[in-house]
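Student: Just to be clear, the model below is a prediction. Sequence and coordinates:
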Amino acid sequence: MRPCLPVDRKFPYKAYMTAIRLDGVSKVFDGEHLAVDELSLEIGDGEFMVLLGPSGCGKTTLLRMIAGLERVTSGEVWFGRTRGTDLAPRERGVAMVFQTGALYPNRTVQENIMFPLQIAGKDDAEAGSTAVGLAQILSIESVLDRMPWTLSGGQRQRVAIGRALVRRPKVFLLDEPLSNLDATMRTELRQEIGAMTRDLNVTTLYVTHDQVEALTLANRIAVMRDGRIEDVGTPTQVYNDPATAFVAGFLGTPRINLMSATVNVTAHHRVRLEFGSQSIGLDPTDRRSLILRHHHGAPVIVGARSNAFSLITTQDAPNQLTGTIRAFEFHGQQSIAFVQCGIEIVDPDRIGRPRPAHASPLAEPTPSLLGRFRRRIGLGAAPATPVEFHGPSHRRADLVVELPVDTELQRGTRIQLALDTSKIHIFDHTGHRVDRITR
Ligand SMILES: Nc1ncnc2c1ncn2[C@@H]1O[C@H](COP(=O)(O)OP(=O)(O)OP(=O)(O)O)[C@@H](O)[C@H]1O
């Protein structure tokens, strides 16, 4: 089986000029902590790119390297055709907004917004009227004379955004700007950030670990994990056609069901996916079937979102799984059922991660991030450190299945579920899709 790695995907915005290009960028802190690992990415002029990933995967570090607040350890940063790797922050045409918009505490809102123009040499009248115009767009014109400490969190972020955009930067970087706001304010400001950046046509890189922000704001999403990019694409591409089990697990609520299976090739090259005592068959014309028919016995991971299942009453429908309802949750538009089917469920956060040395004496250990980096820069392997053991990657757990709200079923009821194989993704045991078409 040949995993399709997301490495040489065509950049779909080639028609536009590239605003930012990261060329094999790495960051090692204190000579031993690899935070960003040979990362390459292109962001088109005027594009809104979201960097999405779990805490600690290197998003902020990457943003700070683009802003020039952090030196790259290796690799290059380009702004258009200008090599930006060694440029000072102020020479990069970049503006950045942080989690908590840091404002000048002794200046009013208007003075905060107009300050970057004043230091750029604009006269006070012009700077003032530009600040007022921006404040109107940001709905903070009523607080122009107030001091920062009298503002709400949402207002403070709006001022920080105004101050960042007032000089019309070429590149706008936002680091989790909504994370300290309540849900209503988050939704409101999220929509305004989207509208403003579109109107100003500014190239934007937006860091978040919130999948809703990523899916709603982005032209394209880059999903990061352990200092690398696992997938890049439009929101629909990464949601519907994820490169890895980790990406599939990171996007979507409820989380996708990732079921551990074994390929069973029967007579006439028919492919079945066995989940212990239950199994489903792939249509012989299914592309995945053509790939898997040469891999009898291979372990795979079958990804099925909660809406890939439907409740059936007949016993002889193809591709059915049987289970017992353990719990129900009412979600307004639909109910979510937790169904015990005796199937091993895979934890996407563990798949593709270094394994503990004692996990399998035969397994080739995956080199650690730092080990790989040290070898690349000629330092040899890092001193042996025990690999952190995160717990098992597979466990028996419930299938999470979407049912119509009017379904009248009780806990403990035995049910049959039909699984729509056109809606499943199949990953190899390392978590890479077996049937990925290069975008
Ligand atoms: N100055 C530093 N010195 C040492 N290690 C650092 C430093 N800054 C970041 N790191 C480490 O680098 C890794 C990436 O951190 P980073 O802040 O970029 O992640 P992140 O994806 O932005 O996380 P979060 O979403 O929690 O902000 C983490 O393991 C972090 O502990």
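Tutor: Great, that's in hand. Residues are numbered from 1 along each chain as shown.
Student: Please tell me how far residue 420 sits from the ligand.
Tutor: Per Cβ to the nearest ligand atom, to the nearest Å, residue 420 is found 35 Å from the ligand. From N, CA and C alone the C-beta is placed, and that goes for glycine too.
Student: neighbours of that residue, just the number please.
Tutor: 12 (other Cβ atoms under 10 Å).
Student: I figured it was touching residue 306, is that so?
Tutor: No. Under the criterion of Cβ atoms under 8 Å, residue 420 is not in contact with residue 306, lying 11.8 Å apart.
Student: So which bits of the stretch 151-300 of the chain are right by the ligand?
Tutor: For the stretch 151-300 of the chain, the residues in contact with the ligand (Cβ under 6 Å from any ligand atom) are residue 209.
Student: for the helix or strand in which residue 187 is found, packing partners?
Tutor: Assigned by DSSP states H and E, residue 187 falls within helix 183-200. Here helix 183-200 touches strand 48-52, helix 153-165, helix 211-217, going by 3 or more Cβ pairs under 8 Å, 6 or more residues apart in numbering; DSSP states H and E.
Student: Looking at those, which one is packed in the most?
Tutor: Highest mean neighbour count among those (mean count of other Cβ atoms under 10 Å): strand 48-52, with a mean of 25.
Student: Can you tell me, leaving aside adjacent residues, what's nearest to residue 39?
Tutor: Once flanking residues are discounted, residue 39 sits nearest to residue 25: 5.1 Å by Cβ to Cβ, 6 or more residues apart in numbering.
Student: Dig out what the nearest residue to residue 258 once chain neighbours are set aside forms beta bridges with.
Tutor: The shortest distance from residue 258 to any non-neighbouring residue, by Cβ to Cβ, 6+ apart, is to residue 346 (4.1 Å). In this structure, residue 346 bridges to residue 394 when assessed by DSSP bridges.
Student: can you tell me the residue of the stretch 201-350 of the chain closest to the ligand?
Tutor: Among residues of the stretch 201-350 of the chain, the one nearest the ligand by Cβ to the nearest ligand atom turns out to be residue 209. It sits 5.2 Å away.
Student: what residues are up against that residue?
Tutor: By Cβ atoms under 8 Å, 6 or more residues apart in numbering, residue 209 lies in contact with 52-55, 59, 176.
Student: Quick check: pLDDT value at it.
Tutor: With respect to pLDDT, residue 209 has a value of 91.
Student: Check residue 380 too.
Tutor: Residue 380 carries a pLDDT score of 48 in this model.
Student: In three-state terms, how would the residue nearest to residue 39 be classified?
Tutor: Here residue 25 is recorded as strand under DSSP: H, G, I helix; E, B strand; the rest coil.
Student: how much space between it and residue 207?
Tutor: Using Cβ to Cβ, to the nearest Å, one obtains 15 Å as the distance from residue 25 to residue 207.
Student: and if you look at residue 116?
Tutor: 22 Å.
Student: quick one: which of the two has more around it?
Tutor: residue 207 (24 against 19).
Student: May I ask which helix or strand encompasses the more buried one?
Tutor: Applying DSSP H and E, one finds residue 207 within strand 203-208.
Student: just the angle between that strand and helix 183-200, please?
Tutor: Interaxial angle, strand 203-208 versus helix 183-200 (axes from the mean of the first three to the mean of the last three Cα atoms, to 10 degrees): 160 degrees.
Student: quick one, helices of the stretch 251-400 of the chain?
Tutor: 287-292, 369-376 (DSSP state H, counting those that start in this stretch).
Student: hey, least reliable of those helices by pLDDT?
Tutor: helix 369-376 (a mean of 53).
Student: now the helix or strand harbouring residue 66: how far from the chain's centre is it?
Tutor: When elements are assigned from DSSP H and E, residue 66 belongs to helix 59-67. Distance of helix 59-67 from the chain centroid (Cα atoms, centre = their mean, to the nearest Å) equals 16 Å.
Student: Start at 15, not 1
Tutor: In the new count, where the first residue is 15, that last one comes out as helix 73-81.
Student: Show the subsequent helix or strand relative to it.
Tutor: Using DSSP H and E, the helix or strand that follows helix 73-81 in sequence is strand 88-93.
Student: now for that following strand, which elements pack on it?
Tutor: Checked by 3+ Cβ pairs under 8 Å, 6+ apart, strand 88-93 has strand 32-43, strand 47-58 packed alongside it.
Student: these two touch, right, residue 263 and residue 362?
Tutor: Yes. Using Cβ under 8 Å, residue 263 is in contact with residue 362, at 2.8 Å.
Student: Touching both of these two, which residues are there?
Tutor: Common neighbours of residue 263 and residue 362, using Cβ under 8 Å, 6+ apart, are 269-270, 272.
Student: Turn those residues into a markdown table, including pLDDT and neighbour count.
Tutor: As requested, the shared contacts of residue 263 and residue 362 are exported to a markdown table (pLDDT from 0 to 100; neighbours: other Cβ atoms under 10 Å):
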| residue | pLDDT | neighbour count |
| --- | --- | --- |
| 269 | 92 | 16 |
| 270 | 95 | 24 |
| 272 | 96 | 26 |
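Student: Where strands are concerned, which of these count?
Tutor: Among the shared contacts of residue 263 and residue 362, the members found in strands (DSSP state E) are residue 272.
Student: Out of the shared contacts of residue 263 and residue 362, which comes closest to residue 349?
Tutor: residue 269 (16.6 Å; Cβ to Cβ).
Student: nearest residue to the closest one other than its sequence neighbours?
Tutor: Leaving aside its sequence neighbours, residue 269 sits nearest to residue 263 (Cβ to Cβ, 6+ apart; 5.7 Å).
Student: For that neighbour, grab the count of nearby residues.
Tutor: So residue 263, with other Cβ under 10 Å, has 20 neighbours.
Student: Let me know the pLDDT of it.
Tutor: Listed pLDDT for residue 263 reads 94.
Student: For it, which residues are in contact?
Tutor: Applying Cβ under 8 Å, 6+ apart, the residues contacting residue 263 are 269-270, 272, 361-363.
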